[in-house]
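S.K.: my questions concern the predicted model and sequence given below.
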Amino acid sequence: MKKLQILTVAILLGLLVTSCIRPTSDIGSDNLNDKTIDPTLLLTLLDARKKEHADTELIISYPYQDSIFPPEIASPQVTWVDVEKKNNRWLIAVTFTNNSSPIYSISSKNQWEIENHIWETIKSRGATGSIQLNIYGFNSTSPEYILSTGMVSFGIAPTGVEAAILYRQVPLPFPIKNIEQMKWRLGDIASYQQPKIILQGLKFCASCHTSSADGKYLSMEMNYGNDPGAQFIAPVNKKLTLSQEDFFSWNDVSRPGILPLSRGLFGRMSPHANYALATVNEISLALLTNDSAFSQVFFPTYGILGYYSVATKSFAPLAGADNFDYVHANPDWSPDESHVVFARAKTKNQVHDNIMDVSPKFKDEDIHSLNQRYNIQFDLYRIPFNNGAGGQATPLEGANSNTMSNYFPRHSPDGKWIVFTQSKTGIMLQPDSKLFIIPASGGTGREMRCNRKLFNSWHSWSPNSRWLLFSSKVNTPFTEIFLTYVDENGKDYPPVLLHRFSDKKYAANVPEFVNFSANDIDLITIK
């Protein structure tokens with residue numbers, strides 16, 4: 001019997017290698033017409049050969065075990081690492097727990113570029129149950145011997161993303177000398193094309209951006225007119241042209257005379273586009289490191305929360321978040337605009353060598369060394385907005401007094417959850433940063449499964465509260481964008497990599513879901 005099994009597998013692999021069954025193409029079981037091959041027994045035979053001959057584990061590096069893909073997403077790039085040097089061919093078998101027909105392919109390199117129609121078939125057959133991906137390594141001169149094997153399982157989510165993604169790309173190290181190299185892309189995960197560039201060539205910096213809950217308005221921090229506190233709120237248009245009347249300035253907030261011009265740090269438009277909220281009267285520490293991957297240590301050391309009213313075009317401090325004994329940062333709105341969650345720490349201006357000169361300073365050290373000398377830990381607080389009247393700020397349980405720094409809170413649009421970033425110190429670009437999830441009113445925090453081994457932050461919820469974007473440096477110093485499914489109970493899964501959203505020698509950061517189509521903006525221009 002074993003000889004028969006060996007012969008059958010040898011015939012199959014031989015046919016694949018000698019192009020009798022379209023070698024580099026994807027093969028559905030309906031196309032396996034050779035009477036010597038029984039497709040229903042194929043995996044059983046391969047498993048038997050694995051047990052007899054395959055002593056080497058083949059590591060499938062992507063997709064991740066137990067990951068969940070959106071139903072509308074374009075095909076992934078399957079990649080693996082095979083330490084068996086004799087292998088020059090890999091047989092790929094995709095099977096389904098719902099007993100749908102399997103799919104087979106063969107590759108001469110350690111990756112599989114899944115064709116569009118094959119991927120659509122995989123998603124269709126795997127819509128119920130799970131999908132198993134097996135890869136078998138062998139040498140084309142002896143196809144009867146399987147030398148290495150690897151397997152992962154993944155699934156297709158019941159709910160799609162249903163939103164576009166706007167993100168920024170910057171060369172490393174950052175800050176860059178030629179700021180006009182930065183670009184903004186607007187993308188659809190269903191597209192097989194790289195997301196289109198809608199903004200580039202700026203001669204001044206721009207940063208955080210968000211859309212209103214209904215997708216009708218876009219807002220972004222932008223150093224317009226040499227004003228570091230400038231921010232715009234403008235209606236979404238196919239050709240979005242910004243002029244002076246679209247901008248307001250956080251420097252119109254009253255401030256002590258000794259303070260320099262301020263940013264509206266981490267400024268965010270409210271969900272219904274009624275207000276914007278930011279750290280004002282701000283002083284920050286900015287140190288440039290000798291490591292391009294983690295090129296700066298940055299955190300605010302002084303500042304309060306101020307808000308801007310779109311209706312009255314007026315500014316005011318937010319009472320309860322206006323105590324200068326503390327620095328207040330990263331404000332995030334509840335979906336109904338009734339509350340704000342923000343990061344708070346004791347004011348720490350003593351870290352500055354000269355409080356009158358807080359421009360970025362280069363230190364010939366890496367981020368770990370600088371973190372030891374320039375450290376800060378933030379806690380999350382919750383405060384009623386109360387139409388601008390503010391109120392009492394209270395600690396947010398699960399993100400407070402835990403000997404860690406807790407920052408970047410983001411409410412799910414359904415109001416159920418808050419995801420925040422946690423690291424030992426700091427407020428951004430920290431190698432050890434991880435994402436945690438808690439109930440929106442506070443509770444026990446849980447480290448999310450989506451976290452990768454290096455840097456996890458810059459997260460954003462989809463409008464339907466089922467998906468979370470975030471950035472990570474797990475694969476490369478050039479930050480990449482990942483996507484994780486979050487079910488109604490707050491359970492998340494290993495993530496999906498948006499590899500078409502990457503660009504050589506550019507870090508993809510500040511990704512935001514926007515509640516409009518990728519076709520709704522073609523170009524942003526500045527007058």
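M.R.: The structure has been received and is ready for your questions.
S.K.: show me where the stretch 301-450 of the chain has its helices.
M.R.: 367-373 (DSSP state H, counting those that start in this stretch).
S.K.: contacts only, for the nearest residue to residue 511 once chain neighbours are set aside.
M.R.: Take residue 511 and drop its neighbours on the chain: the residue closest to it by CB to CB, 6 or more residues apart in numbering is residue 167, 4.0 Å away. C-beta: built from backbone N, CA, C; applies to glycine. Contact partners of residue 167, counting by CB atoms under 8 Å, 6 or more residues apart in numbering, are 184-185, 187, 195, 481, 501, 508-512.
S.K.: and of those, the nearest to residue 425?
M.R.: Comparing these against residue 425 with CB to CB places residue 509 closest, at 19.9 Å.
S.K.: the closest one belongs to a helix?
M.R.: No: counting by DSSP: H, G, I helix; E, B strand; the rest coil, residue 509 is not part of a helix but strand.
S.K.: so residue 123 is in which element?
M.R.: helix 116-125 (DSSP states H and E).
S.K.: and after that helix, which helix or strand comes next?
M.R.: Taking DSSP H and E, what comes next after helix 116-125 is strand 131-138.
S.K.: name the helices or strands packed onto the helix or strand following that following strand?
M.R.: With elements assigned by DSSP H and E, the helix or strand that comes after strand 131-138 is strand 146-156. Strand 146-156 makes packing contacts with helix 39-53, strand 56-57, strand 59-62, strand 67-69, strand 131-138 when contacts are defined by 3 or more CB pairs under 8 Å, 6 or more residues apart in numbering; DSSP states H and E.
S.K.: quick one: buried residues of the helix holding residue 123?
M.R.: By 16 or more other CB atoms under 10 Å, the buried positions in helix 116-125 come out as 118-119, 121-123, 125.
S.K.: likewise for stretch 519-527?
M.R.: The neighbour-count check on stretch 519-527 (16+ other CB under 10 Å) flags 520-521, 524, 526 as buried.
S.K.: so for it, mean pLDDT?
M.R.: Over the span of stretch 519-527, the pLDDT mean works out to 95.
S.K.: now the buried residues of helix 116-125 in TSV, with distance to residue 326 and pLDDT?
M.R.: Formatted as TSV, these follow (distance: CB to CB, whole Å; pLDDT from 0 to 100):
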residue	distance to residue 326	pLDDT
118	56	93
119	51	96
121	56	95
122	52	96
123	49	96
125	55	95
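S.K.: nearest to residue 292 among those?
M.R.: residue 119 (34.8 Å).
S.K.: report how many residues lie close to residue 85.
M.R.: Neighbour count of residue 85, defined by other CB atoms under 10 Å: 9.
S.K.: residue 334: neighbour count?
M.R.: Neighbours around residue 334, by other CB under 10 Å: 20.
S.K.: what do you get for residue 489?
M.R.: Residue 489 has 7 neighbours, counted by other CB under 10 Å.
S.K.: can you check residue 244 too?
M.R.: Residue 244 has 11 nearby residues by other CB under 10 Å.
S.K.: wait, what's in contact with it?
M.R.: Counted by CB under 8 Å, 6+ apart, residue 244 has contacts 224-225, 527.
S.K.: kindly report the same for residue 472.
M.R.: 451-452, 454-456, 479-480, 482.
S.K.: which residues does it bridge with?
M.R.: Here residue 472 sits in beta bridges with residue 456, residue 480, going by DSSP bridges.
S.K.: equivalent analysis for residue 307, please.
M.R.: Note on residue 307: beta-bridge partners by DSSP bridges are residue 277, residue 316.
S.K.: got the end-to-end distance for stretch 484-503?
M.R.: Stretch 484-503 stretches 21 Å from its first residue to its last (CA to CA, to the nearest Å).
S.K.: list the buried residues in it.
M.R.: 484-486, 490, 492-498, 500-503.
S.K.: so the protein: which segments form each domain?
M.R.: For the chain, automatic domain parsing gives the domain ranges 2-156, 164-526.
S.K.: out of these, indicate the one that is most buried.
M.R.: domain 164-526 (a mean of 19; mean count of other CB atoms under 10 Å).
S.K.: OK, contacts around the closest residue to residue 383 other than its chain neighbours?
M.R.: Leaving out its chain neighbours, the residue that sits closest to residue 383 by CB to CB, 6+ apart is residue 393, at 4.3 Å. Residue 393 makes contact with 320-321, 342, 344, 381-383, according to CB under 8 Å, 6+ apart.
S.K.: gap between the nearest residue to residue 412 once chain neighbours are set aside and residue 335?
M.R.: Among residues not flanking residue 412 along the chain, residue 465 sits closest, at 4.3 Å (CB to CB, 6+ apart). Between residue 465 and residue 335 the distance is 9 Å, computed by CB to CB, to the nearest Å.
S.K.: got any residues that touch both of those two?
M.R.: 412-414.
S.K.: with distance to residue 108 added, can I get the residues you listed in JSON lines?
M.R.: Converted to JSON lines, the shared contacts of residue 465 and residue 335 look like this (distance: CB to CB, whole Å):
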{"residue": "412", "distance to residue 108": "44"}
{"residue": "413", "distance to residue 108": "46"}
{"residue": "414", "distance to residue 108": "47"}
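S.K.: let me know the closest of those residues to residue 211.
M.R.: residue 413 (11.5 Å).
S.K.: that closest one contacts residue 334, doesn't it?
M.R.: No: Residue 413 is not in contact with residue 334 according to CB atoms under 8 Å; the separation is 9.9 Å.
S.K.: returning to what we had before: okay, the angle between the helix holding residue 123 and strand 146-156?
M.R.: On the basis of axes from the mean of the first three to the mean of the last three CA atoms, to 10 degrees, helix 116-125 is oriented at 70 degrees to strand 146-156.
S.K.: name the helices or strands packed onto helix 116-125?
M.R.: Applying 3+ CB pairs under 8 Å, 6+ apart, one finds that helix 116-125 contacts strand 103-107.
S.K.: ok, the strand it packs on: who's next to it in the sheet?
M.R.: Here, using DSSP bridges, strand 103-107 pairs with strand 26-28 (antiparallel), strand 89-96 (antiparallel).
S.K.: I'd like to know which of those has the weakest mean confidence.
M.R.: strand 26-28 (a mean of 40).
S.K.: where does pLDDT dip in the stretch 201-350 of the chain?
M.R.: 256-258 (pLDDT under 70).
S.K.: strands of that one, start to end?
M.R.: 206-211, 217-222, 230-235, 239-242, 247-249, 265-269, 275-288, 296-309, 314-317, 326-333, 339-346 (DSSP state E, counting those that start in this stretch).
S.K.: take those and lay them out in CSV including distance to residue 179.
M.R.: Output for those, formatted as CSV (distance: least, CB to CB, whole Å):
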stretch, distance to residue 179
strand 206-211, 9
strand 217-222, 12
strand 230-235, 15
strand 239-242, 17
strand 247-249, 18
strand 265-269, 18
strand 275-288, 15
strand 296-309, 15
strand 314-317, 27
strand 326-333, 23
strand 339-346, 27
